[in-house]
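Participant: could you look at this predicted model? Sequence included:
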There are 2 protein chains.
Amino acid sequence: MNATPPPPRYVAIAEALRARILAGDWPPGHPIPTEASLMAEFGCSRMTVYRALWGLAEAGLITRRRRAGSHVAAPRREEAVFGIHDIEAEIARSGAPYRYERLSRALRPAGRAERARLGLAGPAEVLALGARHFAGPRAFVLEDRLIHLAAVPAARSESFATVPPGRWLLSHVPWNEAEHRISAEPAGAFEAAALAIPRGAPLLVLARRTWSGEVPVTAVRLCYPGPDYALVGRFRPGG
Amino acid sequence: MNATPPPPRYVAIAEALRARILAGDWPPGHPIPTEASLMAEFGCSRMTVYRALWGLAEAGLITRRRRAGSHVAAPRREEAVFGIHDIEAEIARSGAPYRYERLSRALRPAGRAERARLGLAGPAEVLALGARHFAGPRAFVLEDRLIHLAAVPAARSESFATVPPGRWLLSHVPWNEAEHRISAEPAGAFEAAALAIPRGAPLLVLARRTWSGEVPVTAVRLCYPGPDYALVGRFRPGG
DNA sequence: TGGGCGAATATGTATAGACAAATACGCCGC
DNA sequence: GCGGCGTATTTGTCTATACATATTCGCCCA
C-alpha cells in the first residue's frame, strides 16, 4: 500500500554507483566521475555527492585522491567477520536448552605460563576458571579462563557458580581490544573426558585475549568438539 | 622537528569523546552532550560536530536517536575480523619460500554434491581443481576448489598448472559476497597422504563460497594441518 | 631530453542556514 | 491516576559557499 519512503539522496547516489561497480561496468581502476559531474548528473550539491563518495570510500569500494580523482578500488583481500557472541546466546539461537557448569575456580598468584598467556610482565593475581557449557545434554564448549584481578577487581568476589564469566565480563568491563586465534588441536585427556569425545579427536580451539586500554583483562580458551561446530561468517565488500 | 599537522577538527572532537568513553568516564548508556552544546564546547559549526558524532556512531561507540540524543553504546558482541589473504601472500609473510602444485584438474557437469556445494539449483558445468601449497618443504595447505564456469567463462581455458586459482580469481572476478565456515575435522586418507600427517590428525578446515551478485562463483575448501596453523584476528571496538 | 617549477584541478574541511522527521515529555481532560 | 495528544527538542538531510591541500599536468628552461 504505502510505498517505502525514498532513501536520502546521498544513499541513492551511492547505490547507483555501487551497482555500476558491482555489475562490473566499471572494473577496478576505472575512474569515477568527478564530484562536479556527479553534481550535474544527480542535480544536487557537492556536499551530498561528497557524502555518497565518502561512504563508498570507507566501505573500500573506491579510492579517492586529491587531484587524481576517485577510482574503483582493487578487490580487497577477503575479510571474514565472525560474530563471536557470548556462548549462551550462541546456544539459544540453535534452540537447545542452555546449561552452564563451573568446574573449577582458583584465586592465585599468576605463574609464569599464566603471565605469558595474559601478556603480563610483572607479578599479578589471577582468577582461574574452568567451565562447561551445555546445549541440551551435550557438552558444547569447554572453557578455560584467566581473569587479571588487578584489571577487574570486582571479579574477586564473584563465585561464577551460576553466571558464566564471559557474560559477566561483557557487562562489567567497558571496552576492550581483543585478539583471536583459531586453531585445530587434538583433544588431550582432560578435554576428551570433559567433552565426552575420544582422545586425539579434533577440537576447534578459539583463544581470545582482551584488553581494557593497555591492561590485559582476560584470556580465554574455548574448545569446541570437532566437526560438530563451525564458525560461520559472511562478508560483503562494501556491504 | 616539524610537528605533525593538526588533525581536522571533526577528528579532534571524535577523539576527545572517544577518550572519555574508553577511559570509562562515561559508562554505557551515559548521554553524550547534544550537538548544540558540543558546538559551544568546541566552538565550531553543527555540521562539524555532526560529522564527529556520525563517525563514532558508525564505529559503534555511540547510538544516536532523534530527540532522545546520543548515548554511549552498550558493549557490542565481540567480532573478530580475520584477514584471509591469498595463500601465496600468507606464506610469503612467514618468510618461507612458496611453491604451488596442481594435483588435479577436471572439467565436468556438476554432480548433485557439487551443485549443493556451490548453491546451484539447476545443471551447470564446473571446473574442479585440487592443489597443494608449500611453505618451504612442508605442505601448508590442501586446496579443493570448484569454479562455476557459467560465472567465470574465462576459467575454462586456464590450466592453473602454475597459477594458483585463488590468485587468478581475485584478479578476474570483480566483487563478491563470501561465506566462510571454519571447523576442525579429522584428516581422511587423502588429506593425510597429501599433507604428510597421520590419519585422524586434526585439520583446520576453512570453507569459503563466493558470489558475484547473485551468481555463485567458486567454492573452496582449504585444509590446514593441525596446530601448526592458526587464524589470528585483532578487533578493536570502534577502532 | 630531462628536470624543475608553477598552475590547474579534484578532493578535504569548515561555515551558516534551512527544513524534515522522529520521539520523549508534559499538559490536559477524564 | 491514567491515557491520549500536541509540542518542543534533537538528530538527519541538504544547500550554497569558501578556502585549504595534495597532486598531476604541462610549460619552460637548461
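Facilitator: Thanks, I have the structure now. Numbering: from 1, shown residues only, chains lettered A, B, ... in the order given.

Participant: let me see the domain layout of chain A.
Facilitator: A:9-72, A:87-228 (automatic domain parsing).

Participant: I'd like the ones you listed written out as TSV, with distance to DNA strand C added.
Facilitator: C-beta here means a position set from N, CA and C on the backbone, and glycine is covered the same way. Output for those, formatted as TSV (distance: least, C-beta to the nearest atom of the strand, whole Å):
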stretch	distance to DNA strand C
domain A:9-72	3
domain A:87-228	23
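
Participant: so which of the ones you listed gets nearest DNA strand D?
Facilitator: domain A:9-72 (3.0 Å; C-beta to the nearest atom of the strand).

Participant: would you list the domains of chain A in a markdown table and tack on mean neighbour count and mean pLDDT?
Facilitator: A markdown table is the format used below for these (neighbours: other C-beta atoms under 10 Å in any protein chain shown; pLDDT from 0 to 100):
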| stretch | mean neighbour count | mean pLDDT |
| --- | --- | --- |
| domain A:9-72 | 16 | 93 |
| domain A:87-228 | 17 | 90 |
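
Participant: out of these, which gets nearest to chain B?
Facilitator: Evaluated over the domains of chain A, closeness to chain B peaks at domain A:87-228, with 3.5 Å, by C-beta to the nearest C-beta.

Participant: contact partners for A:Ala113?
Facilitator: With C-beta atoms under 8 Å, 6 or more residues apart in numbering or on different chains as the criterion, no residue contacts A:Ala113.

Participant: sec struct for the residue nearest to A:Val215 when sequence neighbours are not counted, please.
Facilitator: Nearest residue to A:Val215, sequence neighbours excluded (C-beta to C-beta, 6 or more residues apart in numbering or on different chains): A:Ala151, at 4.6 Å. Put simply, A:Ala151 is coil when judged by DSSP: H, G, I helix; E, B strand; the rest coil.

Participant: next up, the contacts around A:Ala151.
Facilitator: A:Ala151 makes contact with A:Val173, A:Ser212, A:Val215, A:Pro216, A:Val217 under the criterion C-beta under 8 Å, 6+ apart.

Participant: isn't the second one right up against A:Val173?
Facilitator: Yes - using C-beta atoms under 8 Å, A:Ser212 and A:Val173 qualify as a contacting pair, with a distance of 5.6 Å.

Participant: can you report phi and psi for the residue lying farthest from the centre of chain A?
Facilitator: Distance from the C-alpha centroid of chain A peaks at A:Ala40, with 41.3 Å (C-alpha atoms, centre = their mean). When read as degrees, to the nearest 10, the backbone of A:Ala40 gives phi -70, psi -50.

Participant: residues of chain A that sit close to DNA strand D?
Facilitator: Proximity of chain A to DNA strand D (C-beta under 7 Å from any atom of the strand) is limited to residues A:8-11, A:43-48, A:51, A:65-68.

Participant: from the residues you listed, which ones fall inside strands?
Facilitator: Secondary structure from DSSP state E places A:Arg65 of the residues of chain A next to DNA strand D in strands.

Participant: which one of the residues of chain A next to DNA strand D is nearest B:Arg99?
Facilitator: Proximity of those to B:Arg99 (C-beta to C-beta) peaks at A:Arg65, which lies at 37.0 Å.

Participant: dump the domains of chain A into CSV; add distance to B:Glu185 as well.
Facilitator: Putting those into CSV (distance: least, C-beta to C-beta, whole Å) gives the following:
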stretch, distance to B:Glu185
domain A:9-72, 32
domain A:87-228, 5
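
Participant: any idea which of those gets closest to B:Pro227?
Facilitator: domain A:87-228 (4.8 Å).

Participant: and that closest one, how far apart are its ends?
Facilitator: 15 Å (C-alpha to C-alpha, to the nearest Å).

Participant: ok, stretch A:67-74 next?
Facilitator: End-to-end for stretch A:67-74, by C-alpha to C-alpha: 19 Å.

Participant: residue boundaries of the strands in chain A?
Facilitator: A:31-32, A:62-65, A:69-72, A:78-84, A:98-109, A:125-135, A:138-148, A:177-186, A:202-212, A:215-225, A:230-235.

Participant: between the fifth one and strand A:138-148, how big is the angle?
Facilitator: Read that as strand A:98-109. 30 degrees (axes from the mean of the first three to the mean of the last three C-alpha atoms, to 10 degrees).

Participant: got the contact list for A:Ser159?
Facilitator: Applying C-beta under 8 Å, 6+ apart to A:Ser159 gives the contacts A:Arg102, A:Arg105.

Participant: how about it, phi and psi?
Facilitator: Dihedral angles (degrees, to the nearest 10) for A:Ser159: phi -90, psi -30.

Participant: and what of A:Ala96?
Facilitator: The phi/psi pair for A:Ala96 (degrees, to the nearest 10) reads phi -80, psi 150.

Participant: need the contact list for it.
Facilitator: Residues near A:Ala96 by C-beta under 8 Å, 6+ apart: A:Ala135, A:Gly136, A:Arg138.

Participant: can those residues go into a markdown table with extra columns for distance to chain B?
Facilitator: Listed next are the contacts of A:Ala96 as a markdown table, based on distance: C-beta to the nearest C-beta, whole Å:
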| residue | distance to chain B |
| --- | --- |
| A:Ala135 | 16 |
| A:Gly136 | 20 |
| A:Arg138 | 16 |
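
Participant: and A:Glu15, what does it touch?
Facilitator: Shown in contact with A:Glu15 (C-beta under 8 Å, 6+ apart): A:Pro7.

Participant: for A:Pro109, name its beta-bridge partners.
Facilitator: A:Pro109 forms beta bridges with A:Glu125, as assigned by DSSP bridges.

Participant: from what I can see it touches A:Ala124, true?
Facilitator: Yes - counting by C-beta under 8 Å, A:Pro109 touches A:Ala124, with 7.3 Å between them.

Participant: how about A:Ala74, nearest residue that isn't a chain neighbour?
Facilitator: That would be A:Pro28: by C-beta to C-beta, 6+ apart, it lies 4.6 Å from A:Ala74.

Participant: next one: the one you found from A:Gly60, what distance?
Facilitator: Separation of A:Pro28 from A:Gly60 (C-beta to C-beta, to the nearest Å): 12 Å.
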